[in-house]
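Student: with the input below, show me the fold.
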Amino acid sequence: MSEEYMLTDEQRQIIDTLGEMIIPPDDMDDGLSGAGFAGIMETRNKYQPWMAFLYDVGIKGVQQCSQAFFGKSFLDLNDVERARVLDAIVAGNPPGDAWTWDVTPLDFFINLKNDACFVYCTQEDVWERIGFGGPAFDKGGYPDYAEPQS
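Tutor: Residues are numbered from 1 along each chain as shown. Now for the predicted structure:
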């Protein structure tokens, strides 16, 4: 993988933490925890450099907002402080100058949320809970998609 698309350990931790905030663990499962979210995003960024740019801007924006609100890195914040940072991003008005005309705070959040949901739904143990019978290609396709699959 090209060095320009590689994430630092800190960036990976920030992405994983943000993902776990979007799909947290609960009584049903571990949410996005342990799914390798940041690694999947890093691989995707190799093939979609515009997404690498979006995540780079977003992570810088998260860090700037954390510094402005609390004087420390996002990873050093507690859960309540992290939620305040994420709320400011969702509201579209976080402090900091990392955001650009083509990557707004809301652009970053929408893509982050979509990516988190995608990665979560690729986990086989989630398939059963949502009623997805798995890939169809190895079963000859779905003869009648409106009927329950076995």
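
Student: I'd like to know how many residues surround residue 128.
Tutor: 10 (other Cβ atoms under 10 Å). The C-beta positions use only the backbone N, C-alpha and C, and glycine is treated the same way.

Student: that one sits in which helix or strand?
Tutor: Assigned by DSSP states H and E, residue 128 belongs to helix 124-130.

Student: what's next to that helix, contact-wise?
Tutor: Contacts to helix 124-130, defined as Cβ atoms under 8 Å, 6 or more residues apart in numbering, come from residues 28-29, 120-121, 133-134.

Student: again with stretch 41-48
Tutor: 1-2, 5-7, 12, 15, 51-52, 55, 115.

Student: show me the contacts for residue 72.
Tutor: residue 66.

Student: from the contact counts, what lies against the longest helix that the chain contains?
Tutor: Longest helix of the chain, by residue count under DSSP state H: helix 49-70. Helix 49-70 sits against helix 9-22, helix 37-47, helix 79-91, helix 105-121, with contacts defined as 3 or more Cβ pairs under 8 Å, 6 or more residues apart in numbering; DSSP states H and E.

Student: how confident was the prediction at the nearest residue to residue 35 once chain neighbours are set aside?
Tutor: Distances taken as Cβ to Cβ, 6 or more residues apart in numbering place residue 119 nearest to residue 35, at 5.5 Å, with adjacent residues excluded. Note on residue 119: pLDDT of 95.

Student: so how many other residues sit close to residue 119?
Tutor: Residue 119: 21 surrounding residues under other Cβ under 10 Å.

Student: again with residue 99
Tutor: 21.

Student: contact partners for it?
Tutor: Neighbours of residue 99 in contact, by Cβ under 8 Å, 6+ apart: 57, 61, 105.

Student: repeat that with 10 Å
Tutor: 57-58, 60-61, 64-65, 89, 92, 105-108 (Cβ atoms under 10 Å, 6 or more residues apart in numbering).
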